[in-house]
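> Would you be able to build a 3D model of this:
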Amino acid sequence: MAKTTHMAVISIPSLSHQSSIIEFCKRLIHIHHHIHVTCIFPTIDAPIPATLKQLESLPSSIHYTFLPPINQEHLPQDGVTQIQLSVAQSMPSFRNSLRSLCSNNPVVALVADPLATQAIEISKEFNLLSFIYFPLSSMATSIHLYLPTLHEQISCEYIDHTDPIRISGCTPFQSHDLPREFFHDRSSLAYELFLQHSKNLSLVDGVLINTFLEMEKSRVSSLQEKYNMVENNTKVYMVGPIIQSGSKSTDPKESHCEKWLDKQKPNSILYVSFGSGGTLSQNQLNELALRLEFSGQKFLWVFRAPSTSAYVGHKSGANDDEDILKFLPQGFLERTKEQGLVVPFWPHKLKS
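Down below sits the predicted model:
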């Protein structure tokens, strides 16, 4: 029997991050048949239903475990802080889980989410190689890696900093372009935790980025030039594009999208989606619908119910059995039936 290499992977309680790292693991074992992976998921209240659905079709060489859930009532309402604190509170359980894995089938390396870097510190207790998997672009990775330097260079609130921010390999940008959930208040817990994660990146043996050279050549080259040096143990690897392949999906929502897209001209569709965390108020939804209709542009809109919360994560803002398309302006679907397609967000069933 061929010798296998056992790796552990830890994500965060976020659908987009969990989905991306699962696809990364599937790509990894497809290329390297000797690798066996155990995915470890911290949870808030309960596992994310869409993640459970994705885990149903895993190859036999990928196993998974969910850590004991953290009670959402004991966490702040702010989504980003909530996620980071839930991961921090899950670390004792993670240590026990990793110890159990190592005793049953020795683990050689850990791959962690950039918001789960406490796991990297724990991995050193077990003498494991450690890697960070960035599901985002190399631009976002650069900001994350550069943050400790940025923190020292800028003493005021970022929103009050008027000079362009310059990071090697990246286009200069203004401070108001930084993600507000992390950078709106330097004294906030969200920023403090994010900064500590960035500092912990100095502990890793490698950085894995969901990108490829043809897409972000200058940024990737700059990162590799800075970190892929003999005197620096950290290596930067491009592992993208990591995407979900839906070619074998039996989900009627996905097949309906594919059939509709097959009828459209190449490069003619505007894709509208705010990810698994973004939200819009009812007024913003109405305005967006109006602009799409009047633009005359063909569109595919992944729609979720309105919410006044700045972040709702994998939750839709409505009951799973509720027809969320009722939140669209009256007559919108009829008026745009030849122009676009509106698809309910993941947890909801496609309405006929």
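> Who is the nearest residue to Lys235 once chain neighbours are set aside paired with across the strands?
Nearest residue to Lys235, sequence neighbours excluded (Cβ to Cβ, 6 or more residues apart in numbering): Gly206, at 4.6 Å. Quick note: C-beta positions are derived from backbone N, CA and C, even for glycine. Per DSSP bridges, the residues bridged to Gly206 are Phe131, Lys235.
> Surely Gly206 is in contact with Thr234?
Yes - between Gly206 and Thr234 there is a contact under Cβ atoms under 8 Å: 6.5 Å.
> related to what we said a few turns ago, contacts only, for the residue nearest to Lys235.
Leu129, Ser130, Phe131, Ile132, Thr234, Lys235, Val236, Tyr237 (Cβ atoms under 8 Å, 6 or more residues apart in numbering).
> What pLDDT does the model give it?
At Gly206, the pLDDT value in this model is 94.
> quick one: it from Gly79, how far?
For Gly206, the distance to Gly79 equals 29 Å [Cβ to Cβ, to the nearest Å].
> try Gly169
30 Å.
> which among the contacts of Gly206 gets closest to Ile62?
Nearest to Ile62 among those: Phe131, at 16.5 Å, using Cβ to Cβ.
> Tell me who's in contact with the closest one.
Counted by Cβ under 8 Å, 6+ apart, Phe131 has contacts Ala109, Leu110, Val111, Ala112, Val204, Asp205, Gly206, Val207, Leu208.
> Grab the nearest non-local neighbour of the fourth one.
Spatially, and ignoring its direct neighbours in sequence, Ala112 is nearest to Ala119 (4.6 Å; Cβ to Cβ, 6+ apart).
> Just the strands from this structure, written as ranges.
Assigned strands in the chain, in chain order: 5-10, 35-41, 62-66, 107-112, 129-134, 206-209, 235-238, 270-272, 299-303, 340-344 (criterion: DSSP state E).
> Give me the buried entries from the contacts of Gly206.
Ser130, Phe131, Ile132, Thr234, Val236 (16 or more other Cβ atoms under 10 Å).
> Could you dump those into TSV with distance to Gln282 and pLDDT added?
Converted to TSV, the buried ones among the contacts of Gly206 look like this (distance: Cβ to Cβ, whole Å; pLDDT from 0 to 100):
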residue	distance to Gln282	pLDDT
Ser130	45	97
Phe131	42	97
Ile132	38	97
Thr234	46	82
Val236	43	91
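> Now render the residues you listed as CSV, adding distance to Val220.
Listed next are these as CSV, based on distance: Cβ to Cβ, whole Å:
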residue, distance to Val220
Ser130, 21
Phe131, 16
Ile132, 15
Thr234, 14
Val236, 7
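> Which of the residues you listed sits closest to Asp160?
Ile132 (30.3 Å).
> Which residues are in contact with the residue nearest to Ala112?
Applying Cβ under 8 Å, 6+ apart, the residues near Ala119 are Ile10, Met91, Phe94, Leu110, Ala112.
> likewise Thr162?
Gln174, Ser175.
> returning to that earlier point: can I get the contacts of Ala119 in TSV including neighbour count, pLDDT and distance to Thr141?
Shown next, in TSV, are the contacts of Ala119 (neighbours: other Cβ atoms under 10 Å; pLDDT from 0 to 100; distance: Cβ to Cβ, whole Å):
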residue	neighbour count	pLDDT	distance to Thr141
Ile10	29	98	18
Met91	17	98	23
Phe94	23	98	23
Leu110	27	98	18
Ala112	29	98	14
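> re the thing from before, roughly how far apart are the residue nearest to Ala112 and Ser93?
11 Å.
> what's the lowest-mean-pLDDT helix or strand in the chain packed up against?
Within the chain, no helix or strand scores below helix 252-262, which has a mean of 78 by mean pLDDT, DSSP states H and E. Secondary-structure packing of helix 252-262 (3 or more Cβ pairs under 8 Å, 6 or more residues apart in numbering; DSSP states H and E): strand 299-303, strand 340-344.
> In CSV, list the ones you listed along with distance to Leu261, mean neighbour count and mean pLDDT.
Below are the helices and strands packed on helix 252-262 laid out as CSV (distance: least, Cβ to Cβ, whole Å; neighbours: other Cβ atoms under 10 Å; pLDDT from 0 to 100):
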stretch, distance to Leu261, mean neighbour count, mean pLDDT
strand 299-303, 7, 19, 95
strand 340-344, 8, 20, 93
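> Pro179: which of these is closest?
Among these, if distance is taken as Cβ to Cβ, the winner is strand 299-303, at 20.5 Å.
> okay, the closest one in CSV with CA atoms only?
Taking C-alpha atoms only, strand 299-303 is exported to CSV below (Å, rounded to 0.1, in the frame of the first residue of the first chain):
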residue,chain,number,x,y,z
PHE,A,299,-27.7,40.5,-16.2
LEU,A,300,-27.6,37.5,-13.8
TRP,A,301,-28.4,38.6,-10.2
VAL,A,302,-27.8,36.4,-7.2
PHE,A,303,-30.5,37.8,-4.9
